[in-house]
Each structure stands twice: as C-alpha cells, then as structure tokens.
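1. I need the structure of the sequence given here:
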Amino acid sequence: MHGLCLDSQNYLWKGDTLVVMENNDLRRGVLHHFHTSKTAGHPRITKTIQLIQPHYWWPHMKDFMTAYVKGCVTCQMNKINTHPTQPPLFPITSSSNLPFQMIAVDFITKLPLSYGNDTILMITDHNVLKASIFLPCKETIDAVGVAELYATHVFPHYGIPLKVISD
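-> Coordinates of the predicted model:
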C-alpha cells in the first residue's frame, strides 16, 4: 500500500526511511531529537520536516510534526508577533465650545538662558482655538510654580479648564 518492506530484523522500511509505527511516544521522541533537543535548536516546521524525512516515515507525519512544533512552548515564547494587539484608542473629546477648556501642558527644556529663564511652559488649547500660550520659566519649576503661572497668565482670560492633559 505505502511501498513498505520488512527487513530481517523485523524493521519496516519505506525506501531508505525507517517506518515509525503507531507509537506516539516514539514519534514525539523523534521530534524531540530533531526539534527540541539542545543540539536541534528549535527549527521551524518546514526545517524540522526536512530534517526528519530522510530518516523516518509514518502516515500523516507532516500533520503530526506541525502540531508538535506549533505546541512547542519555547518556540511560541520566542516567536515574533507579526500582529501585535494595539490598545484601543480613546479620543480626547470635550463638550465645551469655549477656548482653553481642554488644555495640554508641556515643557520645552534645555534652552539657552534668557532673562534668567531656561524653559518654556507651553499651554495648548485642544478644542476650539488650537492655539498655544508660551510662558518662560526655569527648569526647576514645581507644581506650585506652574499653578501660579497659569493663574497669572491664563486664568484671567479663560478661567479654569475642564480637562488638563500632561505627562
């Protein structure tokens, strides 16, 4: 049926390859030797098949080997994820139509010293105007200093924002 021959030692051969009978432990042992052992190095499915086919044969061996390699924990851990899951995007939205009710606060640092300041506090409207206010300050500014700058330069014109985006 499959072109099998029995030799004098009762081993079954298909051409030059030894036939592994329906013994899944023996088949897994062959796969361990050619795929999982330290000297094998966990080759991919096609390479594992190419390594085993010259020496062993059994019916549906490609399916068996494919399932074995796909179930290999080491291969799955080291496999490159070509379809990484991306976190869902949550757009920043505001219900207000007033300027500077949703702002982003950021710093531009490491600038040359100018009038005693080396940093710029940038306050950007993210809703209506898409405008920015740039306030000079020192890189050592703390939260209280930022609040004072906001209270002095932005609050009198636009009030308290509904949302503040900052890193």
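
2. how about the helices in the chain?
-> With DSSP state H as the criterion, the chain has helices at 24-31, 45-52, 61-70, 73-78, 143-153, 155-158.

3. Please state the offset of the shortest one from the chain centre?
-> Helix 155-158 has its average C-alpha position 43 Å from the chain's average C-alpha position, going by CA atoms, centre = their mean, to the nearest Å.

4. list the buried ones in that helix?
-> Residues residue 158 are the ones in helix 155-158 that count as buried (16 or more other CB atoms under 10 Å). Where C-beta positions appear, they are placed from N, C-alpha and C, glycine not excepted.

5. now do stretch 75-94
-> Residues of stretch 75-94 classed as buried: residue 75 (neighbour count, 16+ other CB under 10 Å).

6. Contacts for that stretch, please.
-> 42, 44, 69, 70, 101, 102, 126, 127, 162, 163, 165 (CB atoms under 8 Å, 6 or more residues apart in numbering).

7. Now go through those residues and say which are in strands.
-> Judged by DSSP state E, the contacts of stretch 75-94 include 102, 163, 165 as members of strands.

8. residues contacting residue 19?
-> So residue 19 contacts 4, 11, 12, 13, 56, 57, 58 (CB under 8 Å, 6+ apart).

9. got the phi/psi numbers for the closest residue to the last one other than its chain neighbours?
-> In this case it means residue 58. Once flanking residues are discounted, residue 58 sits nearest to residue 20: 4.6 Å by CB to CB, 6 or more residues apart in numbering. With angles defined as degrees, to the nearest 10, residue 20 sits at phi -100, psi 120.

10. Residue 20: neighbouring residues, count only.
-> As a burial measure, residue 20 scores 20 neighbours (other CB atoms under 10 Å).

11. ok, it - contacts?
-> Neighbouring residues of residue 20 by CB under 8 Å, 6+ apart: 26, 27, 30, 56, 57, 58.

12. that older thread, mind putting the contacts of stretch 75-94 into JSON lines with distance to residue 154, pLDDT and neighbour count?
-> As requested, these are exported to JSON lines (distance: CB to CB, whole Å; pLDDT from 0 to 100; neighbours: other CB atoms under 10 Å):
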{"residue": "42", "distance to residue 154": "59", "pLDDT": "89", "neighbour count": "15"}
{"residue": "44", "distance to residue 154": "59", "pLDDT": "89", "neighbour count": "12"}
{"residue": "69", "distance to residue 154": "61", "pLDDT": "90", "neighbour count": "21"}
{"residue": "70", "distance to residue 154": "58", "pLDDT": "90", "neighbour count": "11"}
{"residue": "101", "distance to residue 154": "11", "pLDDT": "92", "neighbour count": "19"}
{"residue": "102", "distance to residue 154": "13", "pLDDT": "92", "neighbour count": "21"}
{"residue": "126", "distance to residue 154": "14", "pLDDT": "88", "neighbour count": "17"}
{"residue": "127", "distance to residue 154": "14", "pLDDT": "86", "neighbour count": "20"}
{"residue": "162", "distance to residue 154": "14", "pLDDT": "90", "neighbour count": "14"}
{"residue": "163", "distance to residue 154": "14", "pLDDT": "91", "neighbour count": "14"}
{"residue": "165", "distance to residue 154": "15", "pLDDT": "91", "neighbour count": "13"}
